[in-house]
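> Below are the sequence and a predicted model for it; my questions follow.
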Number of protein chains: 2
Amino acid sequence: MTYCVAMHVADGLVFICDSRTNAGIDQISTFRKLFVFSAPGERLIVLQTAGNLATSQSVVSLLEQRSRGSGTHMLNVTSLYDATVLVADTLREVMSRDRSKLTALIDLSCTIMVGGQIAGAEMGIYNVYAQGNFFQATQDTPFLQLGESKYGRPILDRNLTYHTPLDEALRCGLISFDSTIRSNLSVGMPLDLLVYAKDSFAAKAPVRIHQDDPYYSHIRRQWSDGLKNLLADLQPPPREFMAD
Amino acid sequence: MTYCVAMHVADGLVFICDSRTNAGIDQISTFRKLFVFSAPGERLIVLQTAGNLATSQSVVSLLEQRSRGSGTHMLNVTSLYDATVLVADTLREVMSRDRSKLTALIDLSCTIMVGGQIAGAEMGIYNVYAQGNFFQATQDTPFLQLGESKYGRPILDRNLTYHTPLDEALRCGLISFDSTIRSNLSVGMPLDLLVYAKDSFAAKAPVRIHQDDPYYSHIRRQWSDGLKNLLADLQPPPREFMAD
């Protein structure tokens, strides 16, 4: 399984992915699911992937290989919309190439989120379905998720709005991952994280957060203790709710 | 969809169900999913149901009808284990009866939780699969869920143990429902609730909690405000996590 979140708030973008892949419960590995295409001062495009690893790796490899060539590629498209079209086209290309009698019973599909900003255009985050069509997050729904989305969703539904400050959006995202990792073994550390400040066009590399990361450990403990206290402080139930 | 929780803690049992059923998104109704078989001073058995409404209603109707007869029934079995076997047998009976060419493309299955206590025996909660086999909650895993279980699970995973006091288990359960209802439209109010104190053998009726219930509204607000403050109080992320 996989869990990825992308957030689009007024001040910027937040991307977080776990790194666990599994082919059955007894074949578990660590693979990066967050990829960056950047030209400092001009563009930053982030891809997050979930689903069949062979498919998603091939899509990223082709996009990277071609971005050193002369055609239309991730480093010369002029809008994030066009970058997303390119990702979707490449996804369909790989799915068509690898679909054969040999893979008839295998789910080759993968889903991809594309986010970032290209100079002269707005920031955005898109979700590309396995079929290649896609949609964009809006101010009403400022986040997208891939994979094991349910355990970590309530904290986002309750707290994340378009106007949430960037550092609070990041903390909200990290807590969403903590809840998911506690409840589903197939989502696991380390996490890959990238925070993008609006109009910065900085070519930042993703940050890797390991199990023993002091900051992540600290806020996980703060959150866990805080929830316990919050629950204990809730008004006691009325007599008629309780057993006699 | 449905969401039901059953908890077995040292001091007693907690049962909570939502009441929304849907056949497609445009056909939504309210149906009770929590049923009680009781003999004051001697037994209390609670059933919680999820899945095909025709199947679950038939199972409950047959169990009720037969408990006024002379054979083995819910009011004369001598252990909760035997009550669960009876529920499972009745589930298989209804599934066999209703399975035909007419229902070949319809999912007739339902899952049922059975919990309570019969004089002379221990309390317990069981989960009956659609196939009729079943398992029991233990001290290591003191709760069971049916239906839309993921949104409301982190709060249970984090906070509920076998030694949680009964009133705190109830509050934990109600918050689990609040998180689920916020994130999934197909789980809805009112809730049906029953709290059973160990060895009480009280024949309590379930309590119905409506949308505007003052206690539920109050703790939902307390929880929501508390989470916001907790998130705001988390240590700010280190500089290297943030955008330049």
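Cool, got the structure.

> so where's chain A uncertain?
Within chain A, the set of residues satisfying pLDDT under 70 comprises A:244.

> Show me the helices in chain A, by range?
For chain A, applying DSSP state H gives helices covering A:53-66, A:80-98, A:153-159, A:166-183, A:214-233.

> Pull out the buried positions in the longest one.
Read that as helix A:214-233. Buried positions in helix A:214-233, judged by neighbour count with 16 or more other C-beta atoms under 10 Å in any protein chain shown: A:215-216, A:219-220, A:222-223, A:226-227, A:230-231. Every C-beta, even on glycine, is put in place using the N, C-alpha and C of the backbone.

> same thing with the second one?
If you call a residue buried by 16+ other C-beta under 10 Å, then helix A:80-98 has these buried ones: A:80-81, A:83-88, A:90-91, A:94-95.

> of all those residues, which two lie farthest apart?
Greatest spatial distance in the buried residues of helix A:80-98: A:Leu80 and A:Met95, 22.5 Å, computed using C-beta to C-beta.

> Name the nearest residue to A:Leu47, sequence neighbours excluded.
A:Phe35 (4.4 Å; C-beta to C-beta, 6 or more residues apart in numbering or on different chains).

> try A:Thr78
A:Ile118 (6.6 Å).

> quick one on the thing from earlier: got CSV for the buried residues of helix A:214-233, with distance to chain B too?
As requested, the buried residues of helix A:214-233 are exported to CSV (distance: C-beta to the nearest C-beta, whole Å):
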residue, distance to chain B
A:Tyr215, 5
A:Tyr216, 9
A:Ile219, 5
A:Arg220, 10
A:Gln222, 6
A:Trp223, 7
A:Gly226, 4
A:Leu227, 6
A:Leu230, 4
A:Leu231, 6
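
> Using a markdown table, lay out the residues you listed together with distance to A:Ser149.
As requested, the buried residues of helix A:214-233 are exported to a markdown table (distance: C-beta to C-beta, whole Å):
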| residue | distance to A:Ser149 |
| --- | --- |
| A:Tyr215 | 24 |
| A:Tyr216 | 20 |
| A:Ile219 | 21 |
| A:Arg220 | 20 |
| A:Gln222 | 24 |
| A:Trp223 | 19 |
| A:Gly226 | 23 |
| A:Leu227 | 20 |
| A:Leu230 | 24 |
| A:Leu231 | 24 |
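
> Looking at the residues you listed, spot the one nearest A:Ile112.
Nearest member of these to A:Ile112, counting by C-beta to C-beta, is A:Tyr216, at 25.6 Å.

> Okay, and the beta partners of the residue lying closest to the closest one once chain neighbours are set aside?
On the basis of C-beta to C-beta, 6+ apart, the spatially nearest residue to A:Tyr216 that is not a chain neighbour turns out to be A:Ile209, at 5.2 Å. On the basis of DSSP bridges, A:Ile209 takes part in beta bridges with A:Leu191.

> residues near A:Ile209, how many?
20 (other C-beta atoms under 10 Å in any protein chain shown).

> shouldn't it be in contact with A:Gly188?
No - when contacts are counted by C-beta atoms under 8 Å, A:Ile209 is not listed as touching A:Gly188 (11.9 Å).

> Tell me how far stretch A:45-52 lies from the chain's centre.
7 Å (C-alpha atoms, centre = their mean, to the nearest Å).

> what do you get for stretch A:56-65?
Between the centre of stretch A:56-65 and the centre of its chain there are 17 Å (C-alpha atoms, centre = their mean).

> With stretch A:34-43 instead?
Between the mean C-alpha location of stretch A:34-43 and the chain-wide mean there is a distance of 16 Å, by C-alpha atoms, centre = their mean.

> Going by neighbour count, list what's buried in it.
Judged by neighbour count (16+ other C-beta under 10 Å), stretch A:34-43 contains these buried residues: A:34-39, A:43.

> of all these, which two lie farthest apart?
Pairwise over the buried residues of stretch A:34-43, using C-beta to C-beta, the maximum falls at A:Leu34 and A:Ala39, 18.0 Å.

> Can you give me every residue that contacts the closest residue to A:Ser176 other than its chain neighbours?
Excluding the flanking residues, the one nearest A:Ser176 by C-beta to C-beta, 6+ apart is A:Gly152, at 3.5 Å. With contact set as C-beta atoms under 8 Å, 6 or more residues apart in numbering or on different chains, A:Gly152 has these partners: A:3, A:5, A:145, A:176-177, A:179-180, B:154.
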